[in-house]
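Asks: Here is a sequence with its predicted model. Questions after.
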Amino acid sequence: MGLVVTIDGPAGAGKSTAARELASRLGWSVLDTGAMYRVVTLAALEAGLDMTDSEALGALAGSIQVRLDGNLVWLGDRDVCKLIREPEITRASRYAANAPEVRKVLLGWQRKASENQNLVTEGRDQGTIVFPDALVKFYLDATDLERAERRYRELIQKGHEIHLEQVLEDQQERDARDSAREIAPMRPSDDGVRIESTGKSLEEVLNEMLGHIRKSLLERGLSETFHTF
Ligand code: C5P
(Lines give C-alpha, C1' and ligand atoms only; values in the text may rest on other atoms or scores of the structure.)
Protein backbone atom coordinates (compact mmCIF):
# COMPACT_ATOMS: atom_id res chain seq x y z
CA MET A 1 0.00 0.00 0.00
CA GLY A 2 1.20 3.51 -0.80
CA LEU A 3 1.32 6.48 1.54
CA VAL A 4 -2.01 8.26 2.00
CA VAL A 5 -2.93 11.80 3.02
CA THR A 6 -6.64 12.42 3.58
CA ILE A 7 -8.57 15.68 3.34
CA ASP A 8 -12.11 15.65 4.68
CA GLY A 9 -14.49 18.48 5.37
CA PRO A 10 -17.67 20.17 4.20
CA ALA A 11 -18.47 21.17 0.62
CA GLY A 12 -16.84 24.41 -0.49
CA ALA A 13 -13.99 24.43 2.04
CA GLY A 14 -11.51 24.17 -0.84
CA LYS A 15 -10.76 20.44 -0.51
CA SER A 16 -10.58 19.69 -4.24
CA THR A 17 -8.20 22.51 -5.08
CA ALA A 18 -6.04 21.82 -2.04
CA ALA A 19 -5.97 18.08 -2.80
CA ARG A 20 -5.02 18.61 -6.46
CA GLU A 21 -2.27 21.11 -5.66
CA LEU A 22 -0.93 19.07 -2.76
CA ALA A 23 -0.79 15.92 -4.90
CA SER A 24 0.97 17.82 -7.65
CA ARG A 25 3.65 19.17 -5.23
CA LEU A 26 4.18 15.76 -3.66
CA GLY A 27 4.20 14.03 -7.05
CA TRP A 28 1.37 11.77 -5.79
CA SER A 29 -2.00 10.83 -7.30
CA VAL A 30 -5.25 12.49 -6.27
CA LEU A 31 -8.67 10.96 -5.61
CA ASP A 32 -11.95 12.90 -5.54
CA THR A 33 -14.26 10.49 -3.71
CA GLY A 34 -17.26 12.85 -4.00
CA ALA A 35 -17.05 12.23 -7.77
CA MET A 36 -17.62 8.51 -7.07
CA TYR A 37 -20.86 9.21 -5.20
CA ARG A 38 -21.87 11.56 -8.00
CA VAL A 39 -21.26 8.95 -10.74
CA VAL A 40 -23.31 6.35 -8.89
CA THR A 41 -26.07 8.96 -8.53
CA LEU A 42 -25.98 9.78 -12.24
CA ALA A 43 -26.07 6.10 -13.21
CA ALA A 44 -28.97 5.45 -10.82
CA LEU A 45 -31.01 8.39 -12.12
CA GLU A 46 -30.36 7.32 -15.71
CA ALA A 47 -31.42 3.77 -14.88
CA GLY A 48 -34.61 5.10 -13.29
CA LEU A 49 -33.91 3.38 -9.96
CA ASP A 50 -35.92 4.09 -6.85
CA MET A 51 -33.34 6.32 -5.14
CA THR A 52 -34.48 5.25 -1.68
CA ASP A 53 -33.73 1.57 -2.44
CA SER A 54 -30.23 1.35 -1.00
CA GLU A 55 -29.78 -2.31 -2.00
CA ALA A 56 -30.55 -1.51 -5.62
CA LEU A 57 -28.14 1.45 -5.49
CA GLY A 58 -25.45 -0.80 -4.03
CA ALA A 59 -26.00 -3.46 -6.70
CA LEU A 60 -25.76 -0.79 -9.40
CA ALA A 61 -22.53 0.60 -7.89
CA GLY A 62 -21.11 -2.93 -7.96
CA SER A 63 -21.96 -3.37 -11.62
CA ILE A 64 -20.84 -0.12 -13.28
CA GLN A 65 -17.43 0.68 -14.72
CA VAL A 66 -16.12 3.92 -13.26
CA ARG A 67 -12.71 5.41 -13.97
CA LEU A 68 -11.24 8.50 -12.34
CA ASP A 69 -8.09 10.17 -13.57
CA GLY A 70 -7.36 13.54 -11.96
CA ASN A 71 -10.23 15.78 -13.04
CA LEU A 72 -11.57 13.29 -15.57
CA VAL A 73 -14.39 10.90 -14.78
CA TRP A 74 -15.74 8.14 -17.00
CA LEU A 75 -18.86 6.07 -16.64
CA GLY A 76 -18.22 3.16 -19.01
CA ASP A 77 -16.69 4.89 -22.02
CA ARG A 78 -18.59 8.15 -21.47
CA ASP A 79 -16.84 11.26 -20.12
CA VAL A 80 -19.25 12.47 -17.41
CA CYS A 81 -17.07 15.00 -15.59
CA LYS A 82 -19.38 17.92 -16.44
CA LEU A 83 -22.63 16.05 -16.00
CA ILE A 84 -21.87 14.93 -12.45
CA ARG A 85 -21.45 18.56 -11.31
CA GLU A 86 -25.01 19.52 -12.26
CA PRO A 87 -27.06 20.80 -9.28
CA GLU A 88 -29.59 17.98 -9.84
CA ILE A 89 -26.87 15.38 -9.20
CA THR A 90 -25.55 17.33 -6.21
CA ARG A 91 -29.03 17.31 -4.68
CA ALA A 92 -29.71 13.61 -5.39
CA SER A 93 -26.25 12.46 -4.21
CA ARG A 94 -27.54 12.12 -0.67
CA TYR A 95 -29.23 8.82 -1.53
CA ALA A 96 -25.97 7.18 -2.60
CA ALA A 97 -24.14 8.77 0.35
CA ASN A 98 -26.70 7.38 2.81
CA ALA A 99 -26.73 3.86 1.36
CA PRO A 100 -24.46 1.48 3.35
CA GLU A 101 -24.34 -0.85 0.33
CA VAL A 102 -22.95 1.94 -1.86
CA ARG A 103 -20.45 3.08 0.78
CA LYS A 104 -19.13 -0.49 1.01
CA VAL A 105 -18.51 -0.73 -2.74
CA LEU A 106 -16.90 2.72 -2.88
CA LEU A 107 -14.69 1.98 0.13
CA GLY A 108 -13.33 -0.93 -1.94
CA TRP A 109 -12.62 1.36 -4.92
CA GLN A 110 -10.93 3.90 -2.65
CA ARG A 111 -8.65 1.43 -0.87
CA LYS A 112 -7.77 -0.17 -4.19
CA ALA A 113 -6.67 3.21 -5.52
CA SER A 114 -4.03 3.40 -2.80
CA GLU A 115 -2.61 -0.06 -3.45
CA ASN A 116 0.09 0.81 -5.92
CA GLN A 117 0.60 4.53 -5.49
CA ASN A 118 0.89 7.35 -2.98
CA LEU A 119 -2.41 9.16 -2.73
CA VAL A 120 -4.02 12.41 -1.62
CA THR A 121 -7.69 11.57 -1.20
CA GLU A 122 -10.54 13.93 -0.36
CA GLY A 123 -14.10 13.42 0.84
CA ARG A 124 -16.04 13.15 4.08
CA ASP A 125 -14.91 9.85 5.62
CA GLN A 126 -11.45 9.30 4.23
CA GLY A 127 -9.58 9.83 7.52
CA THR A 128 -12.23 8.43 9.83
CA ILE A 129 -13.34 5.27 8.00
CA VAL A 130 -11.48 4.50 4.80
CA PHE A 131 -7.84 5.29 5.73
CA PRO A 132 -7.65 5.46 9.55
CA ASP A 133 -3.88 4.80 9.33
CA ALA A 134 -3.18 7.57 6.83
CA LEU A 135 0.07 9.52 7.17
CA VAL A 136 -1.81 12.76 7.94
CA LYS A 137 -5.57 13.28 8.18
CA PHE A 138 -6.67 16.82 7.48
CA TYR A 139 -10.08 18.34 8.14
CA LEU A 140 -10.44 21.47 6.04
CA ASP A 141 -13.14 23.89 7.07
CA ALA A 142 -14.25 27.47 6.33
CA THR A 143 -17.14 29.66 7.41
CA ASP A 144 -20.58 28.94 5.90
CA LEU A 145 -20.60 32.21 3.99
CA GLU A 146 -17.12 31.83 2.52
CA ARG A 147 -17.93 28.31 1.31
CA ALA A 148 -21.26 29.37 -0.20
CA GLU A 149 -19.66 32.34 -1.96
CA ARG A 150 -17.03 30.06 -3.55
CA ARG A 151 -19.65 27.64 -4.80
CA TYR A 152 -21.86 30.51 -6.01
CA ARG A 153 -18.99 31.99 -8.07
CA GLU A 154 -18.29 28.56 -9.58
CA LEU A 155 -21.93 28.06 -10.58
CA ILE A 156 -22.30 31.57 -12.03
CA GLN A 157 -19.11 31.03 -14.02
CA LYS A 158 -20.64 27.87 -15.46
CA GLY A 159 -23.70 29.86 -16.54
CA HIS A 160 -26.17 28.71 -13.87
CA GLU A 161 -28.84 31.19 -12.78
CA ILE A 162 -28.82 30.94 -9.03
CA HIS A 163 -28.90 33.17 -5.95
CA LEU A 164 -26.34 33.13 -3.16
CA GLU A 165 -29.14 32.59 -0.61
CA GLN A 166 -30.16 29.40 -2.43
CA VAL A 167 -26.58 28.10 -2.48
CA LEU A 168 -26.23 28.86 1.23
CA GLU A 169 -29.51 27.12 2.03
CA ASP A 170 -28.63 24.00 -0.03
CA GLN A 171 -25.21 23.90 1.59
CA GLN A 172 -26.55 24.12 5.15
CA GLU A 173 -29.02 21.35 4.40
CA ARG A 174 -26.27 19.15 2.95
CA ASP A 175 -23.84 19.86 5.84
CA ALA A 176 -26.52 18.96 8.37
CA ARG A 177 -27.25 15.71 6.53
CA ASP A 178 -23.57 14.84 6.08
CA SER A 179 -22.84 15.36 9.79
CA ALA A 180 -25.98 13.71 11.11
CA ARG A 181 -26.09 10.53 9.03
CA GLU A 182 -25.63 7.31 10.94
CA ILE A 183 -23.16 5.77 8.56
CA ALA A 184 -19.80 7.49 8.01
CA PRO A 185 -20.85 10.92 9.28
CA MET A 186 -18.65 13.86 8.34
CA ARG A 187 -16.41 14.70 11.29
CA PRO A 188 -12.75 15.39 11.97
CA SER A 189 -10.58 12.40 12.99
CA ASP A 190 -9.62 12.49 16.65
CA ASP A 191 -5.95 12.25 15.71
CA GLY A 192 -6.20 14.49 12.63
CA VAL A 193 -5.26 18.09 11.87
CA ARG A 194 -7.94 20.72 11.54
CA ILE A 195 -7.28 23.58 9.14
CA GLU A 196 -9.51 26.63 8.88
CA SER A 197 -9.17 28.08 5.38
CA THR A 198 -11.26 31.25 5.83
CA GLY A 199 -9.17 34.27 4.92
CA LYS A 200 -6.17 32.12 3.95
CA SER A 201 -4.67 31.87 0.49
CA LEU A 202 -4.28 28.47 -1.16
CA GLU A 203 -0.51 28.86 -0.71
CA GLU A 204 -0.91 29.34 3.04
CA VAL A 205 -3.13 26.27 3.35
CA LEU A 206 -0.69 24.18 1.30
CA ASN A 207 2.30 25.30 3.35
CA GLU A 208 0.49 24.37 6.52
CA MET A 209 -0.33 20.95 5.08
CA LEU A 210 3.18 20.34 3.76
CA GLY A 211 4.60 21.21 7.21
CA HIS A 212 2.47 18.52 8.84
CA ILE A 213 3.33 15.99 6.13
CA ARG A 214 7.08 16.60 6.49
CA LYS A 215 6.83 16.22 10.26
CA SER A 216 4.90 12.99 9.95
CA LEU A 217 7.33 11.55 7.39
CA LEU A 218 10.20 12.39 9.71
CA GLU A 219 8.50 10.73 12.67
CA ARG A 220 8.00 7.59 10.62
CA GLY A 221 11.58 7.54 9.42
CA LEU A 222 10.50 8.28 5.86
CA SER A 223 12.38 11.55 5.44
CA GLU A 224 13.98 10.34 2.18
CA THR A 225 10.63 11.17 0.56
CA PHE A 226 11.46 14.86 1.16
CA HIS A 227 13.57 15.24 -1.91
CA THR A 228 10.42 14.88 -4.01
CA PHE A 229 8.81 18.07 -2.67
O1 C5P B 1 -17.75 16.47 -2.30
P2 C5P B 1 -18.93 16.35 -3.23
O3 C5P B 1 -19.88 17.50 -3.12
O4 C5P B 1 -18.55 16.09 -4.64
O5 C5P B 1 -19.72 15.05 -2.71
C6 C5P B 1 -20.87 14.57 -3.38
C7 C5P B 1 -21.73 13.79 -2.38
O8 C5P B 1 -21.06 12.63 -1.91
C9 C5P B 1 -22.14 14.57 -1.13
O10 C5P B 1 -23.51 14.36 -0.91
C11 C5P B 1 -21.33 13.99 -0.02
O12 C5P B 1 -22.04 13.95 1.15
C13 C5P B 1 -21.05 12.58 -0.49
N14 C5P B 1 -19.73 12.09 -0.08
C15 C5P B 1 -19.68 11.17 0.94
N16 C5P B 1 -18.47 10.63 1.30
C17 C5P B 1 -17.34 11.00 0.67
C18 C5P B 1 -17.39 11.95 -0.38
C19 C5P B 1 -18.61 12.48 -0.72
O20 C5P B 1 -20.70 10.82 1.53
N21 C5P B 1 -16.18 10.44 1.01
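Replies: That came through, no problem.

Asks: where does N71 land on pLDDT?
Replies: At N71, the model reports a pLDDT of 83.

Asks: what's the burial count for it?
Replies: Here the number of neighbours of N71 (other Cβ atoms under 10 Å) works out to 11. Backbone N, C-alpha and C define where each C-beta goes, glycine included.

Asks: Tell me how far Q157 lies from R150.
Replies: Applying Cβ to Cβ, to the nearest Å, the value for Q157 to R150 is 11 Å.

Asks: Revised request: answer the last question for G12.
Replies: In terms of Cβ to Cβ, G12 sits 5 Å off from R150.

Asks: between the two, which one's more packed in?
Replies: G12 (25 against 18).

Asks: Next, the contact list for N98, please.
Replies: Listed by Cβ atoms under 8 Å, 6 or more residues apart in numbering, the contact set of N98 reads S54, R177, R181, I183.

Asks: The same query, at a cut-off of 7 Å, please.
Replies: R181 (Cβ atoms under 7 Å, 6 or more residues apart in numbering).

Asks: how about Q110, what does it touch?
Replies: L31, T33, T121, V130.

Asks: repeat that with 10 Å
Replies: Going by Cβ atoms under 10 Å, 6 or more residues apart in numbering, Q110 touches 4, 6, 31, 33, 36, 103, 119, 121, 123, 125-126, 129-131.

Asks: Produce a PyMOL select command limited to the buried residues of those.
Replies: Buried residues within the contacts of Q110, by 16 or more other Cβ atoms under 10 Å, are selected in PyMOL with:
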select buried, resi 4+6+31+33+36+103+119+121+123+125+126+129+130+131
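
Asks: of the contacts of Q110, closest to the ligand?
Replies: Comparing the contacts of Q110 against the ligand with Cβ to the nearest ligand atom picks out G123 as the nearest, at 2.5 Å.
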